[in-house]
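>>> 3D, please:
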Amino acid sequence: MSALEFPCIIFKTKRRMDDYGAEDMRCGDLSEAQLKTHFRLVDVSAKVNPYTLTRIIPSSQPQLMFHGSREEGEKITRQECAKILFNEFRHLSQSFAMYGPYKHLIEKMITHMQSSNGSAFASVHLDAALKEQILNDRSPDNSSRLLLKTVLDKNIDWEEKCYPAEKIKS
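All right, here's what the predicted structure looks like:
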């Protein structure tokens, strides 16, 4: 039996961190029609209409707030629209992170997304949240940590104190 030679890669994720070529990392690749029909993103903001680049006028009559009946106001630039949408995003996210050690993390992530021009987001708080999720994930089918532990425990030759090379799947 030949033993595994070190260093070696024993695990490689299917989806790399910060993979800017990944499908969900693209920007501007969907048309207005696709956003509205496929994803049903029609009324995405209470403050602006990003499709027409106009402010939405708050109505004093609640019955007029239904889909398609909101009044549109002044035209704005694409940059102004993006700023308003990000501010609204930050505000609405607060209800999802009201307490706990990571409550300010979402706001920092949104601000980074808005102003960092594609650079990777890094945070000790995000690292801690990921570590906590990995260590506390008890799902036998989805926990990478538990799946790795199972395979290593099953395949290590404890008598020879080695990991047989023939147990490696490519």
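>>> chain center to the helix ranked longest in the chain, what's the gap?
As assigned by DSSP state H, the longest helix anywhere in the chain is helix 78-93. Put simply, helix 78-93 sits 17 Å off its chain's centre (Cα atoms, centre = their mean, to the nearest Å).
>>> one more: stretch 30-40?
With Cα atoms, centre = their mean, you get 20 Å for stretch 30-40.
>>> restrict that stretch to CA atoms and write it as CSV.
What follows is stretch 30-40, C-alpha atoms only, in CSV (Å, rounded to 0.1, in the frame of the first residue of the first chain):
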residue,chain,number,x,y,z
LEU,A,30,-30.1,41.0,-17.4
SER,A,31,-32.5,43.2,-19.3
GLU,A,32,-35.3,45.2,-17.9
ALA,A,33,-37.8,42.7,-19.5
GLN,A,34,-36.0,39.7,-17.9
LEU,A,35,-36.0,41.4,-14.5
LYS,A,36,-39.7,42.1,-14.7
THR,A,37,-41.0,38.9,-16.3
HIS,A,38,-38.6,36.2,-15.1
PHE,A,39,-37.8,37.5,-11.6
ARG,A,40,-41.0,39.6,-11.2
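>>> mind listing residues that contact it?
By Cβ atoms under 8 Å, 6 or more residues apart in numbering, the residues outside stretch 30-40 that reach it are L41, V42, Y51. In this view, the C-beta of every residue, glycine as well, is placed from N, C-alpha and C.
>>> same question, stretch 81-90
Looking at stretch 81-90 with Cβ under 8 Å, 6+ apart, the contacting residues turn out to be 44-48, 50, 53, 55, 76, 107, 110-111, 113-114.
>>> please repeat the previous calculation with a cut-off of 6 Å.
If you take Cβ atoms under 6 Å, 6 or more residues apart in numbering as the criterion, stretch 81-90 is touched by S45, K47, V48, P50, L53, E107, I110, Q114.
>>> out of the residues you listed, which sit inside strands?
V48 (DSSP state E).
>>> just the buried residues from the contacts of stretch 81-90, in PyMOL please.
Selecting only the buried entries of the contacts of stretch 81-90 in PyMOL, with 16 or more other Cβ atoms under 10 Å as the criterion:
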select buried, resi 48+50+110
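>>> and the two most separated of the contacts of stretch 81-90?
L53 and E107 (25.4 Å; Cβ to Cβ).
>>> distance of F86 relative to P101?
Distance of F86 to P101, computed by Cβ to Cβ, to the nearest Å: 24 Å.
>>> higher neighbour count, the two?
Neighbour count, other Cβ atoms under 10 Å: between F86 and P101, F86 has more, with 15 against 10.
>>> show me the helices in this structure, by range?
32-37, 78-93, 105-115, 124-136, 144-155.
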